[in-house]
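In: the amino acid sequence is not available; the structure is as follows:
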């Protein structure tokens, strides 16, 4: 399930009302409460502070004075549709004097969260395999070029009597490495590890 990589803020103006959306990554309800307090202190003259959160088994929303079902729930619907995890959303509204109506409020709060998520960097947890290879110095250029072309990150390098690289891949590339080194190197699998990687979006 996706998470935001880091906190993100996005602002929209709709019929003179300003909607400021804060996305906050958290795995603790208490931290979410503290973040809401902080946002309220930063915007003491705002009219509403509507919230939605998905934190573990906690799935909750709050309209904060807006007509029931027009703010918090639409915000939560967006999070659930995107299958988000470990996230709190706070939308701060400065009323601009023009009433939006029930449908207008639903669209405004939904769009605020959708736009904020569109601007955020989302990550997904995936399992990678960590491998180690040892090789003579004269193969550095060939192997560096190979890893660069395959877009594989070398996570650790050691230069002793032989060169030692550790790298992470989603699946075994032993055959490719043996092919590029004429069968002189056989990678050693060290462990599997869960890591977060950014989700590529078009």
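Out: Ah, there it is. As the structure is a computational prediction, the values presented were derived from the model and not from experiment.
In: now for the strand or helix carrying residue 36, which elements pack on it?
Out: Using DSSP states H and E, residue 36 sits in helix 29-42. Counting contacts by 3 or more Cβ pairs under 8 Å, 6 or more residues apart in numbering; DSSP states H and E, helix 29-42 is packed against strand 17-25, strand 48-55, strand 87-94. Where you see a C-beta, it was placed from the backbone N, CA and C, and this is true even at glycine.
In: in JSON lines: these, plus mean pLDDT.
Out: Formatted as JSON lines, the helices and strands packed on helix 29-42 follow (pLDDT from 0 to 100):
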{"stretch": "strand 17-25", "mean pLDDT": "98"}
{"stretch": "strand 48-55", "mean pLDDT": "98"}
{"stretch": "strand 87-94", "mean pLDDT": "98"}
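In: can you give me the strands in the chain?
Out: Ranges of strands within the chain are 3-4, 8-14, 17-25, 48-55, 58-62, 87-94, 122-135, 154-159, 163-169, 188-198, based on DSSP state E.
In: in TSV, list those along with distance to residue 74.
Out: Shown next, in TSV, are these (distance: least, Cβ to Cβ, whole Å):
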stretch	distance to residue 74
strand 3-4	19
strand 8-14	14
strand 17-25	12
strand 48-55	9
strand 58-62	9
strand 87-94	10
strand 122-135	20
strand 154-159	42
strand 163-169	39
strand 188-198	27
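In: compile the ones you listed into TSV and extend it with columns for distance to residue 35 and mean neighbour count.
Out: Output for the strands of the chain, formatted as TSV (distance: least, Cβ to Cβ, whole Å; neighbours: other Cβ atoms under 10 Å):
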stretch	distance to residue 35	mean neighbour count
strand 3-4	13	20
strand 8-14	12	16
strand 17-25	5	21
strand 48-55	9	23
strand 58-62	13	15
strand 87-94	6	24
strand 122-135	19	16
strand 154-159	33	12
strand 163-169	32	18
strand 188-198	21	11
